[in-house]
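# Based on what follows, work out the 3D shape:
(2 chains)
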Number of protein chains: 2
Amino acid sequence: MGRPSPVTVKRVASLGAGPIGAGWAAHFAARGYDVAAYIHSADEEAAFRKIVDTGWVSLEALGLADGASRDRIRVTTDLASAVGDAEFVQESAPERLELKQALYNDLGRMVPEGVVISSSTSGLPMSNIQSDCSTPERTLVGHPFNPPYLLPLVEIVGGDKTDPEAVVWAREFYEIAGKAPLVLKKEIPGFVATRLQEALWREALHMVANGEATPEDIDTALINGPAPRMAFQGQCMAFHVACGAGGMATNLDQFGPALKLPWARLEAPELTQELRDRMVDGCNQIAGDRHFEEMAAERDRAIVGVLKAVKAAQESSPHASENNV
Amino acid sequence: MGRPSPVTVKRVASLGAGPIGAGWAAHFAARGYDVAAYIHSADEEAAFRKIVDTGWVSLEALGLADGASRDRIRVTTDLASAVGDAEFVQESAPERLELKQALYNDLGRMVPEGVVISSSTSGLPMSNIQSDCSTPERTLVGHPFNPPYLLPLVEIVGGDKTDPEAVVWAREFYEIAGKAPLVLKKEIPGFVATRLQEALWREALHMVANGEATPEDIDTALINGPAPRMAFQGQCMAFHVACGAGGMATNLDQFGPALKLPWARLEAPELTQELRDRMVDGCNQIAGDRHFEEMAAERDRAIVGVLKAVKAAQESSPHASENNV
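Purely as a prediction, here's the structure:
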């Protein structure tokens, strides 16, 4: 079959002219790939180029791969030409199931045999998207976070008909392409990151609806509270390290009862022995042989850097004072 | 009454030897205050000093105030001596209501008249804490985020008997003392930031309980997905700016139906016209006259800085590879 080794891929196709499709095109170009960018209509090219140019400023600041150039993005309104010699396809078409199903019907025939087709969908299950595709075994979800040229996360999950080997391939390819891939255990609505963000967002909407906080309060609380820490340390390790030598075990054994308190509209799951052990074992595994004081010192160095970076960005703004909501 | 102007405060008392009490002592010392630190027992002094020393590394990196010194932290086990001439008191005693009530009974008599007493409690309502205090009008909650010497947020809320003027004073004082104060509209369990974090945390526990994700998956998703953006832009403005010229109105009008989807265990509130308008007006107010493209460019600059800062912190770790969960 025609699937190349992930490390030899040189030509990728990015489908879609919106912020996600154009953002992917910019990202792949910055990592040194030749990019064939399919846009639905020539009218969209100016907007597409603008997003690429905006993204390029940041991509240059982060460091381009050898030979990377925006000139290696070829824009076309001919789908067959875009994907005809692609070694990987990233699809970021509008989020309408019928539209994607029809597209995957075409792609199933047009994309060279075995080449992986990855969808940026943030909510549609691949099992549904791939239903009319004649070669569904190489289709999967590769869901980025906005802006896709900056945030490293890509959540990967196949559908019912996806070959597990395609998932393995995609994980390796995204990693080589400079992303932070996360292979999901199950095809769950919203995947992992969006579910976490959505729980937070819904609680925020409840607070605004109840007059407990304004949008400005919500953002002030996030920016100055959990977020600078979370950019370095996820919530699991944040609690693990904050609880000292006892780690996550101390957190759950001591604060477990707080899960019953009305500290969020969302009710917590029952803290069974099994859930406790999964959390504790998971955190211990991440920590490895690092001592909690070492991890706390690393966290602090990261937060100092994050706070300085945010401050520098605020001060570079012509409206610096308003920015610090 | 004896309450000084917030700008003239020179002497503060910090009560508590744990990470929060010691963290506050380090923060105030770094901002140039004389700090009287009350610890319950002399046995706790070594641990207290260690937390201060750890915090000092980061506080120095962020920049100390003129004349700031750890030597200006006076440790004592005599509560009356710690608060006798204090111009502000930050209380970080253990989270047990009876203990805090007894403490506020003492503080109500010992702390000079009018001087504000602020509790670091993360969950107990001030209306309950102040019930046995003879001078409750100057008591309130000033809830920090861990580590308190680094994260700027302080959530401020009074109890039933708190004088609103004390809340105004505390807000001004915390701002002068280098914090990002947020005055809450209501005394709600968990305040604002913890509620948002708790909703996310409970969704994470549900996912681990259901075998949908491991703790490592959760942290990978947060660190590489929403967090680097959230350190600069809260969730409200993230959606506002991502939706281009239409902003939050486009977000809610277009993605409103997604609030009914099972993208988190937490059900969203009804998206009434009133809630929609509060969100839209709130975001427009934060944005002021800034164009969305300008805000997106600011966001990108901040994310680039945050990603670089996190990478530098990871690389400075002796276990760099394990760190990038």
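# Break chain A into its domains for me.
A:6-183, A:225-323 (automatic domain parsing).
# Can you lay out those as CSV showing mean neighbour count and mean pLDDT?
Where you see a C-beta, it was placed from the backbone N, CA and C, and this is true even at glycine. Formatted as CSV, those follow (neighbours: other C-beta atoms under 10 Å in any protein chain shown; pLDDT from 0 to 100):
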stretch, mean neighbour count, mean pLDDT
domain A:6-183, 20, 97
domain A:225-323, 19, 88
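# Please convert these to JSON lines, extending it with distance to chain B.
Converted to JSON lines, these look like this (distance: least, C-beta to the nearest C-beta, whole Å):
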{"stretch": "domain A:6-183", "distance to chain B": "4"}
{"stretch": "domain A:225-323", "distance to chain B": "2"}
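# How about the secondary structure of A:S14?
strand (DSSP: H, G, I helix; E, B strand; the rest coil).
# hey, what's it bridged with?
A:A37, A:Q90 (DSSP bridges).
# State the distance from it to A:R138.
Distance from A:S14 to A:R138, counting by C-beta to C-beta, to the nearest Å: 17 Å.
# same thing with A:A36?
Going from A:A36 to A:R138 by C-beta to C-beta gives 18 Å.
# Looks like A:S120 contacts A:E91 (just checking).
Yes. Counting by C-beta atoms under 8 Å, A:S120 touches A:E91, with 6.5 Å between them.
# what sits in contact with each of those two?
A:G16 (C-beta atoms under 8 Å, 6 or more residues apart in numbering or on different chains).
# mind checking the SS state of the residue nearest to A:I73 when sequence neighbours are not counted?
Distances taken as C-beta to C-beta, 6 or more residues apart in numbering or on different chains place A:V35 nearest to A:I73, at 4.6 Å, with adjacent residues excluded. The assignment at A:V35 comes out as strand when based on three-state DSSP.
# where's A:V35 relative to A:Y149, distance?
A:V35 is 12 Å from A:Y149, by C-beta to C-beta.
# Touching stretch A:94-113 from outside, list them.
A:1-3, A:15-16, A:18, A:79-80, A:83-87, A:89, A:91, A:93, A:117, A:119, A:121-124, A:128-136, A:138-139.
# tell me which element the closest residue to A:S316 other than its chain neighbours is part of?
Leaving aside its sequence neighbours, A:S316 sits nearest to B:R301 (C-beta to C-beta, 6+ apart; 6.3 Å). Secondary-structure assignment from DSSP states H and E places B:R301 in helix B:292-315.
# List the residues that contact A:V208.
A:214-215, A:218, B:275, B:278-279, B:282.
# at 6 Å what do you get?
B:R278 (C-beta atoms under 6 Å, 6 or more residues apart in numbering or on different chains).
# quick one: it from B:V154, how far?
21 Å.
# repeat for A:R299
20 Å.
# quick one, helices of the stretch 201-325 of chain A?
A:215-224, A:226-230, A:235-242, A:247-255, A:273-287, A:292-315, A:320-323 (DSSP state H, counting those that start in this stretch).
# In JSON lines: those, plus distance to A:Q101.
Shown next, in JSON lines, are those (distance: least, C-beta to C-beta, whole Å):
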{"stretch": "helix A:215-224", "distance to A:Q101": "37"}
{"stretch": "helix A:226-230", "distance to A:Q101": "37"}
{"stretch": "helix A:235-242", "distance to A:Q101": "36"}
{"stretch": "helix A:247-255", "distance to A:Q101": "43"}
{"stretch": "helix A:273-287", "distance to A:Q101": "37"}
{"stretch": "helix A:292-315", "distance to A:Q101": "41"}
{"stretch": "helix A:320-323", "distance to A:Q101": "43"}
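# quick one, what contacts the residue nearest to A:I73?
Counting by C-beta under 6 Å, 6+ apart, A:V35 has contacts A:12, A:14, A:25, A:28-29, A:73.
# same thing with A:A22?
A:A22 neighbours (C-beta under 6 Å, 6+ apart): A:48, A:51-52.
# For the helix holding B:R301, C-alpha coordinates in CSV please.
Only the C-alpha atoms of helix B:292-315 are listed here, as CSV (Å, rounded to 0.1, in the frame of the first residue of the first chain):
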residue,chain,number,x,y,z
PHE,B,292,-10.4,41.5,16.9
GLU,B,293,-7.3,41.1,14.7
GLU,B,294,-5.3,43.3,17.0
MET,B,295,-6.5,41.1,20.0
ALA,B,296,-5.7,37.9,18.1
ALA,B,297,-2.2,39.2,17.4
GLU,B,298,-1.7,40.1,21.1
ARG,B,299,-2.9,36.6,22.0
ASP,B,300,-0.5,35.0,19.6
ARG,B,301,2.5,37.0,20.9
ALA,B,302,1.5,36.0,24.5
ILE,B,303,1.2,32.3,23.6
VAL,B,304,4.6,32.3,21.8
GLY,B,305,6.1,33.8,25.0
VAL,B,306,4.2,31.3,27.2
LEU,B,307,5.3,28.3,25.1
LYS,B,308,8.9,29.5,25.2
ALA,B,309,8.8,30.0,28.9
VAL,B,310,7.4,26.5,29.5
LYS,B,311,9.9,25.0,27.2
ALA,B,312,12.8,26.8,29.0
ALA,B,313,11.5,25.5,32.3
GLN,B,314,11.2,22.0,31.0
GLU,B,315,14.7,22.1,29.6
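# Check which helices and strands that helix sits against.
When contacts are defined as 3 or more C-beta pairs under 6 Å, 6 or more residues apart in numbering or on different chains; DSSP states H and E, helix B:292-315 packs onto helix A:45-62, helix A:292-315, helix B:226-230, helix B:235-242.
# Next, the buried residues of stretch A:194-214.
A:194-209, A:212-214 (16 or more other C-beta atoms under 10 Å in any protein chain shown).
# Mean confidence (pLDDT) on it, please.
If you average the pLDDT over stretch A:194-214, you get 95.
# Checking A:V157 next. Helix, strand or coil?
strand.
# State the distance from A:D163 to A:T135.
Taken as C-beta to C-beta, the span from A:D163 to A:T135 is 10 Å.
# The closest residue to A:V192 other than its chain neighbours: how many residues sit nearby?
Closest residue to A:V192 apart from its sequence neighbours, by C-beta to C-beta, 6+ apart: B:A221 at 4.4 Å. The burial count assigned to B:A221 is 28, neighbours taken as other C-beta atoms under 10 Å in any protein chain shown.
# Just confirm B:A221 contacts A:G190, I think it does.
No. The pair B:A221 / A:G190 is not scored as a contact, 11.1 Å apart, by C-beta atoms under 6 Å.
# circling back to that earlier point, can you lay out the contacts of A:A22 as TSV showing distance to A:R171?
Output for those, formatted as TSV (distance: C-beta to C-beta, whole Å):
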residue	distance to A:R171
A:F48	28
A:I51	26
A:V52	26
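# the strands in the stretch 1-150 of chain A, which residues?
A:11-15, A:34-38, A:73-76, A:88-91, A:117-119, A:139-144 (DSSP state E, counting those that start in this stretch).
# Distance to A:A264 for those strands - can I get that in JSON lines?
Formatted as JSON lines, the strands of the stretch 1-150 of chain A follow (distance: least, C-beta to C-beta, whole Å):
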{"stretch": "strand A:11-15", "distance to A:A264": "38"}
{"stretch": "strand A:34-38", "distance to A:A264": "42"}
{"stretch": "strand A:73-76", "distance to A:A264": "44"}
{"stretch": "strand A:88-91", "distance to A:A264": "35"}
{"stretch": "strand A:117-119", "distance to A:A264": "32"}
{"stretch": "strand A:139-144", "distance to A:A264": "25"}
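# If anything else comes up later, I'll come back, but that's it for now.
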